[in-house]
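**Student:** turn this into a model:
(2 chains)
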Amino acid sequence: MEIISQLIVNSVIAGAIYSMVTLGFNLIYGTAQFFDLGYGVLTAVGGYAVFYFSKMLGLNIYLSIVLGVLIAGLIGFLIEKIVYERLRKQKASSMVYMVTALGVMTLLQAVISILFSSQFQVFPVTINANTYQILGGVITGVQLITLIISILIMFGLVLLLRFTKFGKAVKAVSDDVEVSKIVGIDTDSIISKVFFLGSAIAGLAGILVGFDTGIEPTMGFSLLLKGVIASIIGGIGNIYGGVLGSFLLGFIENFGIWKISGEWKDAISFAVLIIFLLFRPEGILRKK
Amino acid sequence: MKKIISIVIVVVLLIGGYVLLRKPNTSSNTTALKVGIILPLTGDLSITGEKIYQGVQLAQAELEKDGVTFVVEDSHSKPVDAVSAASKLLNVDKVDVIVGTYSPDETIAVAPLALKANKSVFSFSFCSDSFLKLSNVFCGYPNADKQLDTAVPMIQKKGIKTIALIDGNSDFGQQSRDGMVRKAGTVGYTVVYNDLAPSGARDYRTFATKIIAAKPDAVFTAMDNPTDALEIIKELKQLGYKGTAITFVDPDNKNLAKYGQYGEGTFAPGIAPSKFSTAYTNAFKAKFNSEPDYASALGYDMTTYVVKVMQANPEKDATTAALSYSYKNPAITNFSFLPDHTVVYQMELQMAKNQQYVKAEY
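**Tutor:** Have a look, this model is predicted:
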């Protein structure tokens, strides 16, 4: 194992995980136009769904993954329909959205803790137990799969938004909800579908993290924080920006603690966030 | 006639009132006690917190027959929540004593409140140096130095010359790290890496990379959450680390099993042998359908000991009485306290073998 190569691999793995969270978060932010702080907990929903189906019901692990992704998406969809759509109709302020989202997060975390205990859990089997060497750095099979899936999701989203009717409608809603309504787009339906898609991506991220390091009810909050930082660095609401911000954050964190204590990792992330908020709040790729 | 009837009614009312309103006297030699329990039943420390609570529940079932009442609060593994719990127990529930808090940080946070209310804290924490000034605190584990001594023969016999330390950024992590640094000269090893890690970080890859770059013969990690310690060892082994792994944690076979091959061969110093009184072992098995371990036995003994001490010495405060009390039929052999408020128990070095912690012979 070569140290610099390993640091690069570590940074890329962290970036891949953050980018999955960021992609879904940015997608939802772009259309619903609020900071969905409840989004992070959907990673835990996906993870615990797989844990339930594979370990407690004994289902095939791949079937469990599919069910986990669908359940995370469905719960995100239901939250949008039951909670956020009503707030939109009431023309609630952004503060109300934020507090409600925090409430959703706390509620779902509590439900998961009650159902599965707050203890850390692992899946009964792994999807790839091998380790690989990339340019002298070691990467596990699960981490490699995470990296590949994050890249596939990014390209998939780009294709979806650019070449499908649904994607064009999403872009229209992101640009201007009122104009979209005037031209006949069912904005509520589009936003609900975006919530399903974004939440499913969050669920998949949680499942992959679960295969790598295990799951716990509070796992989503730290992932969300990193996702939000990456979004702001790259340009909030911008898919390419989110991915760029995620990998940049991964590199900054991992190289940042190479010569200083690892305790500083989170402090470094938030220092970068503050610098961006002060000097380039629109992020790297978002136009002013 | 009317006067006689009135007198009879008054007498009946007085007797009835006396019978209804008098305090129940459950036992002639028992003082009704109220015990406040604070445990990390959720959060990072809940693996051990839940085990301790199993022992507390067994004690509770026995002691409630004597009229002792218990109020249980969850610290959520956070010192700030432990303080809220202590404040409620002391000011609202008016408990006579606090049994609990698990991490040193929780204990340090709660002790001043209890001292102000003139109450003792029988903590399940290891005896941190930070407790030296806390006259009302007792500890459920010896201090780090005493526990780490059990690893010394293994370190010497294996010829370990360089050690990497990665510990939690908490009182427990720092005291453990300091203990290992103090021992370096006398035991004969050099500390080649020394870092603190945040609890619950889950991603320790770059910590592991830095440790491997330091090329240590052994890695020592003391994290509040045993899961974090094993996660670090897992990530080290994934990166190809072949040296000795030492985790300073409460052994938990269920947790160990989650790490499969990565936990194998990991040492755990300062552990009590899993041999407890027959009565306790049978009661535990009957209620929980599993084997007892030190944490649950400590929960039982600490709770029972405190109640018995206070019942036997109603005129003394628990802090004074606890040191001179002779406790009959403990779960842990010879359970008692030393003058430095540390619990007494036999310790050994254990090792993970076939996903079970067993005594390591060195």
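**Student:** please enumerate the helices of the chain.
**Tutor:** Picked chain A for this. Ranges of helices in chain A, per DSSP state H, are A:3-32, A:41-51, A:61-79, A:85-89, A:94-116, A:141-163, A:165-175, A:177-182, A:187-213, A:219-234, A:239-256, A:265-279.
**Student:** you looked at the wrong chain, it should be chain B
**Tutor:** Using DSSP H, helices in chain B cover B:2-21, B:46-63, B:79-87, B:104-116, B:144-148, B:152-157, B:171-187, B:205-213, B:226-238, B:253-258, B:278-288, B:294-312, B:318-322.
**Student:** can you add mean neighbour count, mean pLDDT and distance to chain A and give the ones you listed back as a markdown table?
**Tutor:** (Glycine included, C-beta is placed from N, CA and C.) Shown next, in a markdown table, are the helices of chain B (neighbours: other Cβ atoms under 10 Å in any protein chain shown; pLDDT from 0 to 100; distance: least, Cβ to the nearest Cβ, whole Å):
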| stretch | mean neighbour count | mean pLDDT | distance to chain A |
| --- | --- | --- | --- |
| helix B:2-21 | 9 | 52 | 41 |
| helix B:46-63 | 23 | 94 | 5 |
| helix B:79-87 | 20 | 95 | 13 |
| helix B:104-116 | 22 | 93 | 16 |
| helix B:144-148 | 22 | 90 | 20 |
| helix B:152-157 | 16 | 96 | 24 |
| helix B:171-187 | 19 | 93 | 11 |
| helix B:205-213 | 23 | 94 | 4 |
| helix B:226-238 | 25 | 93 | 5 |
| helix B:253-258 | 17 | 89 | 4 |
| helix B:278-288 | 14 | 95 | 15 |
| helix B:294-312 | 24 | 93 | 14 |
| helix B:318-322 | 19 | 79 | 31 |
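**Student:** in JSON lines: those helices, plus distance to residue A:267.
**Tutor:** Shown next, in JSON lines, are those (distance: least, Cβ to Cβ, whole Å):
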{"stretch": "helix B:2-21", "distance to residue A:267": "61"}
{"stretch": "helix B:46-63", "distance to residue A:267": "27"}
{"stretch": "helix B:79-87", "distance to residue A:267": "20"}
{"stretch": "helix B:104-116", "distance to residue A:267": "20"}
{"stretch": "helix B:144-148", "distance to residue A:267": "27"}
{"stretch": "helix B:152-157", "distance to residue A:267": "34"}
{"stretch": "helix B:171-187", "distance to residue A:267": "18"}
{"stretch": "helix B:205-213", "distance to residue A:267": "14"}
{"stretch": "helix B:226-238", "distance to residue A:267": "19"}
{"stretch": "helix B:253-258", "distance to residue A:267": "29"}
{"stretch": "helix B:278-288", "distance to residue A:267": "42"}
{"stretch": "helix B:294-312", "distance to residue A:267": "34"}
{"stretch": "helix B:318-322", "distance to residue A:267": "40"}
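**Student:** got the phi/psi numbers for the most centrally placed residue in chain B?
**Tutor:** For chain B, the residue nearest the mean C-alpha position is residue B:124 (2.7 Å; Cα atoms, centre = their mean). The phi and psi values for residue B:124, taken as degrees, to the nearest 10, are phi -90, psi 10.
**Student:** which pLDDT value goes with the closest residue to it other than its chain neighbours?
**Tutor:** Nearest residue to residue B:124 in three dimensions, chain neighbours excluded: residue B:140, at 4.0 Å (Cβ to Cβ, 6 or more residues apart in numbering or on different chains). Looking at residue B:140, its pLDDT stands at 90.
**Student:** next, count neighbours for residue B:140.
**Tutor:** By the measure other Cβ atoms under 10 Å in any protein chain shown, the count of residues near residue B:140 is 25.
**Student:** closest to residue A:133 out of the helices of chain B?
**Tutor:** Proximity to residue A:133 (Cβ to Cβ) singles out helix B:226-238 among those, at 12.2 Å.
**Student:** and that closest one, what does it pack against?
**Tutor:** helix B:46-63, helix B:205-213, strand B:218-222, strand B:244-247, helix B:253-258 (3 or more Cβ pairs under 8 Å, 6 or more residues apart in numbering or on different chains; DSSP states H and E).
**Student:** got the contact list for it?
**Tutor:** Contacts made with helix B:226-238 from outside it, assessed by Cβ atoms under 8 Å, 6 or more residues apart in numbering or on different chains, are listed as A:120, A:131, A:138, A:140, A:213-214, B:44, B:47-48, B:166, B:168, B:197, B:199-202, B:204-205, B:207-208, B:211-212, B:219, B:221-223, B:245, B:247-252, B:255-256, B:258-259, B:262-263, B:266.
**Student:** may I have it exported as CSV, CA atoms only?
**Tutor:** C-alpha atoms of helix B:226-238 as CSV (Å, rounded to 0.1, in the frame of the first residue of the first chain):
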residue,chain,number,x,y,z
PRO,B,226,-16.9,-0.6,21.2
THR,B,227,-18.2,-0.5,17.7
ASP,B,228,-15.9,2.4,16.7
ALA,B,229,-12.9,0.5,18.1
LEU,B,230,-13.7,-2.6,16.1
GLU,B,231,-14.4,-0.5,13.0
ILE,B,232,-10.9,1.0,13.2
ILE,B,233,-9.4,-2.5,13.5
LYS,B,234,-11.6,-3.7,10.5
GLU,B,235,-10.4,-0.8,8.3
LEU,B,236,-6.8,-1.4,9.3
LYS,B,237,-7.0,-5.1,8.4
GLN,B,238,-8.8,-4.2,5.1
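**Student:** gap between that helix and the chain center?
**Tutor:** 23 Å (Cα atoms, centre = their mean, to the nearest Å).
**Student:** between helix A:141-163 and that helix, find me the angle.
**Tutor:** 90 degrees (axes from the mean of the first three to the mean of the last three Cα atoms, to 10 degrees).
**Student:** residue A:247 contacts residue A:11, correct?
**Tutor:** Yes - Residue A:247 is in contact with residue A:11 according to Cβ atoms under 8 Å; the separation is 7.4 Å.
**Student:** for the residue lying closest to residue B:42 once chain neighbours are set aside, what are its contacts?
**Tutor:** Distances taken as Cβ to Cβ, 6+ apart put residue A:118 closest to residue B:42, at 4.3 Å, once the chain neighbours are dropped. Contact analysis of residue A:118 by Cβ under 8 Å, 6+ apart lists A:216, A:217, A:218, B:42, B:43, B:46.
**Student:** try 10 Å this time
**Tutor:** A:109-110, A:112, A:216-218, B:40-44, B:46-47, B:49-50, B:76-77 (Cβ atoms under 10 Å, 6 or more residues apart in numbering or on different chains).
**Student:** next one: residue A:107
**Tutor:** Contacts for residue A:107 (Cβ under 10 Å, 6+ apart) come out as A:38, A:41, A:79.
**Student:** adding distance to chain B, write these out as CSV.
**Tutor:** Shown next, in CSV, are the contacts of residue A:107 (distance: Cβ to the nearest Cβ, whole Å):
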residue, distance to chain B
A:38, 20
A:41, 16
A:79, 24
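**Student:** with just CA atoms, put stretch A:29-44 into CSV.
**Tutor:** Included here for stretch A:29-44 are C-alpha records, laid out as CSV according to Å, rounded to 0.1, in the frame of the first residue of the first chain:
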residue,chain,number,x,y,z
TYR,A,29,-33.7,21.3,-3.5
GLY,A,30,-33.9,22.3,-7.1
THR,A,31,-37.6,21.6,-7.5
ALA,A,32,-39.0,22.0,-4.0
GLN,A,33,-36.8,25.0,-3.2
PHE,A,34,-36.1,24.3,0.5
PHE,A,35,-33.4,22.7,2.6
ASP,A,36,-34.9,19.2,3.2
LEU,A,37,-33.1,18.4,6.5
GLY,A,38,-35.3,15.3,6.8
TYR,A,39,-33.6,13.9,3.6
GLY,A,40,-30.7,12.4,5.5
VAL,A,41,-32.8,10.0,7.5
LEU,A,42,-33.9,8.3,4.3
THR,A,43,-30.4,6.8,4.1
ALA,A,44,-31.2,5.0,7.4
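**Student:** show me what counts as buried in it.
**Tutor:** Applying a neighbour-count criterion of 16 or more other Cβ atoms under 10 Å in any protein chain shown, one finds A:29-32, A:34-44 buried in stretch A:29-44.
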